[in-house]
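A.B. asks: A predicted structure for the sequence below; I have some questions about it.
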Amino acid sequence: MLFIDYSSAFNTIIPSRLTTKLESLGLLPSLGDLISNFLTDRPQSVWVGNCVSSTLTLSAGAPQGCVLSPLLYSLDTYDCVATSSSTTFVKFTDDTVVMGLISGNDERPYLEEIKHLETWCQENNLLLNISKTKALIVDYSKKQEQHYPHLRDFRLPSKVLRNFYTCTIENILMGNITAWFGNSTKQDRQALQRVVCSAERIIHMELPDLQTIYYKRCQTKARRIVKDPTHPNNRLFSLLRSGKRFRSLKTNTERLKRSFFPQAIKALNQGN
């Protein structure tokens, strides 16, 4: 996937070219003339405080902030389409993603599509912002490539490796874990736990499993809610008459039972 970024995309609209494209789409010439009149000879000045700049007349581009500008840009670039059956263009206003399926390591159709897009941009007055245009490769192959154990070669202390794991790997694995872990499948949990086990073998140190971290974070987040009477969900945490345990929430579905609030109350009761 190639995420395209254009430089000042709305400023590249040429009224005469847009009018021609509108007519090719079957729109009335009078409508094209009306839009062309709207885009040409537009006075523009800058007003800052009590200072006003001299007026500059513009006859290209579409006004920034105008509700009509995104539509005009979409119509102006309607003919920017993929030519290969293995490639798809996904567009939303001035955002474009080129998605290509590469089979048998044959990248030629995808690269030819990129060349075609580059040529189209040159013909339509669009400038690619190379520094902000990024590519993303998604590999669905199940064959695992050989990973060289660089971390082991460095012979770093286990404490340093543990800090590295916490900052770079655990931070990603546990991101927003209180929202998704409860309803994750057994297969997904096992796959994530294998990453933790691999890290344990590398750093020679026992690491907390996902379930333990999940309950601890549920407890931490729930305690913050309990201590904050202004929190909109504070009322869900009500103590029983004993004053030691929280009242469990009634859940009619398994999905609701595994969601954050029922699991957070369960974690708090287990910690008491």
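C.D. replies: Looks like it came in fine.
A.B. asks: Find the residue closest to Lys217 in space, skipping its chain neighbours.
C.D. replies: One thing to correct before we go on: residue 217 is Arg, not Lys. Counting by C-beta to C-beta, 6 or more residues apart in numbering, Arg217 lies nearest to Thr178, which is 5.3 Å off, once chain neighbours are set aside. For glycine as for every other residue, the C-beta is placed from the backbone atoms N, C-alpha and C.
A.B. asks: And the helix or strand hosting the one you found, what does it pack against?
C.D. replies: Element membership for Thr178, per DSSP states H and E: helix 177-180. Here helix 177-180 touches helix 210-227, helix 260-271, going by 3 or more C-beta pairs under 8 Å, 6 or more residues apart in numbering; DSSP states H and E.
A.B. asks: again, 6 Å this time
C.D. replies: Helix 177-180 sits against helix 210-227, with contacts defined as 3 or more C-beta pairs under 6 Å, 6 or more residues apart in numbering; DSSP states H and E.
A.B. asks: what about the strands in the stretch 101-250 of the chain?
C.D. replies: All strands of the stretch 101-250 of the chain, identified by DSSP state E, counting those that start in this stretch, fall at 134-135.
A.B. asks: Any regions of the stretch 101-250 of the chain where pLDDT drops low?
C.D. replies: 141-154 (pLDDT under 70).
A.B. asks: Repeat the analysis, applying 80 as the threshold.
C.D. replies: Within the stretch 101-250 of the chain, the stretches with pLDDT under 80 are 139-156.
A.B. asks: now what about the helix holding Thr178, what contacts it?
C.D. replies: By C-beta atoms under 6 Å, 6 or more residues apart in numbering, the residues outside helix 177-180 that reach it are 214, 217-218, 221, 260.
A.B. asks: List the buried residues for it?
C.D. replies: Applying a neighbour-count criterion of 16 or more other C-beta atoms under 10 Å, one finds 177-178 buried in helix 177-180.
A.B. asks: how far away is the closest residue to Val196 other than its chain neighbours from Trp180?
C.D. replies: In space, Val196 comes closest to Leu207 once its chain neighbours are excluded; the distance is 5.5 Å by C-beta to C-beta, 6+ apart. Separation of Leu207 from Trp180 (C-beta to C-beta, to the nearest Å): 20 Å.
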